[in-house]
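Asker: quick one: sequence and predicted model below, then my questions.
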Amino acid sequence: MSFRLIGAEAACGTSVGAASTFGGATNVRLFNSGSTNRLVTVANSADGTIGTCTLADGEVTIIKKDKTDQIFAAHAEILGAPVIWS
């Protein structure tokens, strides 16, 4: 898996009101920096939930989303960074 970072890593917001589009990125690398499983939510621009998943402690994944979709998590231990495949 090879990708290029296109923005800074930041803690995810913990509510839909604090969610981020990560600069309109369509791929976001997520990392659970904590020691507890955490729920991640993807919401549309109208704040409606599209889907959820759980990241295990230490897990890394890449979420594909639309440019206007937002990501937030159950805890700020979830860190996100916008990426593109290279």
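Answerer: In hand now; what should we look at? Numbering: from 1, shown residues only.
Asker: now do the same for residue 86: its pLDDT.
Answerer: For residue 86, the model assigns a pLDDT of 85.
Asker: before we move on, what about residue 1?
Answerer: 70.
Asker: contacting residues for it?
Answerer: By Cβ atoms under 8 Å, 6 or more residues apart in numbering, the residues touching residue 1 are residue 62. C-betas here are computed from N, CA, C, even on glycine.
Asker: give me that answer again for 10 Å
Answerer: 29, 60, 62, 83, 85 (Cβ atoms under 10 Å, 6 or more residues apart in numbering).
Asker: how near is it to residue 59?
Answerer: According to Cβ to Cβ, to the nearest Å, residue 1 and residue 59 sit 14 Å apart.
Asker: got it, and residue 53?
Answerer: 10 Å.
Asker: and what of residue 30?
Answerer: With distances taken as Cβ to Cβ, residue 30 is found 8 Å from residue 59.
Asker: please enumerate the shared neighbours of the two.
Answerer: 38, 53, 78.
Asker: these two touch, right, the last one and residue 71?
Answerer: So that's residue 78. Yes: using Cβ atoms under 10 Å, residue 78 makes contact with residue 71 at a distance of 8.5 Å.
Asker: intersection of neighbour lists for those two?
Answerer: Joint contacts of residue 78 and residue 71 (Cβ under 10 Å, 6+ apart) are 12, 13, 30, 40.
Asker: secondary structure element for residue 63?
Answerer: Using DSSP states H and E, residue 63 maps to strand 60-64.
Asker: greatest separation within the shared contacts of residue 78 and residue 71: which pair is it?
Answerer: Between any two of the shared contacts of residue 78 and residue 71, the greatest separation by Cβ to Cβ is 12.8 Å, found for 13 and 30.
Asker: which of these two has more neighbours?
Answerer: The residue with more neighbours, out of residue 13 and residue 30, is residue 30; 22 against 17, by other Cβ atoms under 10 Å.
Asker: partner strands of the host helix or strand of that one, with direction?
Answerer: Assigned by DSSP H and E, residue 30 belongs to strand 27-32. Partners of strand 27-32 in the sheet, by DSSP bridges, are strand 60-64 (antiparallel), strand 78-85 (antiparallel).
Asker: for residue 6, which of the ones you listed is the nearest?
Answerer: Residue 6 lies closest, by Cβ to Cβ, to one member of the strands paired with strand 27-32: strand 78-85, at 4.9 Å.
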